[in-house]
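1. Sequence isn't available, so here's the structure alone:
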């Protein structure tokens, strides 16, 4: 499991003030944000169901990820 996990690279580039403002809090509870969150959750749930129902998809996804995603050498 450890060999497949990603290392924490830090959070220095995250603009903390933008995610703690009143405007961000209001946008986060807007109907559009809620709808987007629910659609995303449904997509992730259905993807999980597909992967559990067909283990060959897991192997295929892993192979595709390894061939297309840039991974630092130290992760391999």
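-> Nice, thanks for sending it over. Treat the numbers as computed from the prediction; the structure is a model and nothing was measured.
2. CA atoms for contacts and neighbours, from now on please.
-> Fine.
3. same for the lengthiest helix in the chain, what does it pack against?
-> In the chain, assigned by DSSP state H, the helix with the most residues is helix 31-53. Using 3 or more C-alpha pairs under 8 Å, 6 or more residues apart in numbering; DSSP states H and E as the contact test, the elements touching helix 31-53 are helix 55-68.
4. counting contacts, what elements does the helix it packs on pack onto?
-> helix 31-53.
5. quick one on the thing from earlier: and the average pLDDT for the longest helix of the chain is what?
-> Mean per-residue pLDDT for helix 31-53: 92.
6. Can you tell me what sits against that helix?
-> The contact list for helix 31-53, computed with C-alpha atoms under 8 Å, 6 or more residues apart in numbering, reads 27-28, 57-58.
7. and what of stretch 55-65?
-> Residues contacting stretch 55-65 (C-alpha under 8 Å, 6+ apart): 50-51.
8. 10 Å instead?
-> 48, 50-52, 66-67, 71 (C-alpha atoms under 10 Å, 6 or more residues apart in numbering).
9. and residue 20, what pLDDT?
-> pLDDT recorded at residue 20 is 74.
10. count of residues packed around it?
-> For residue 20, the count of nearby residues is 10 (other C-alpha atoms under 10 Å).
11. what does residue 47 give?
-> Other residues close to residue 47 by other C-alpha under 10 Å number 12.
12. What separation is there between it and residue 32?
-> Note on residue 47: its distance to residue 32, by C-alpha to C-alpha, to the nearest Å, is 22 Å.
13. Equivalent analysis for residue 41, please.
-> 14 Å.
14. What residues sit buried inside the longest helix of the chain?
-> By neighbour count with 16 or more other C-alpha atoms under 10 Å, helix 31-53 contains no buried residues.
15. angle of that helix against helix 55-68?
-> Relative orientation of helix 31-53 and helix 55-68, computed by axes from the mean of the first three to the mean of the last three C-alpha atoms, to 10 degrees: 110 degrees.
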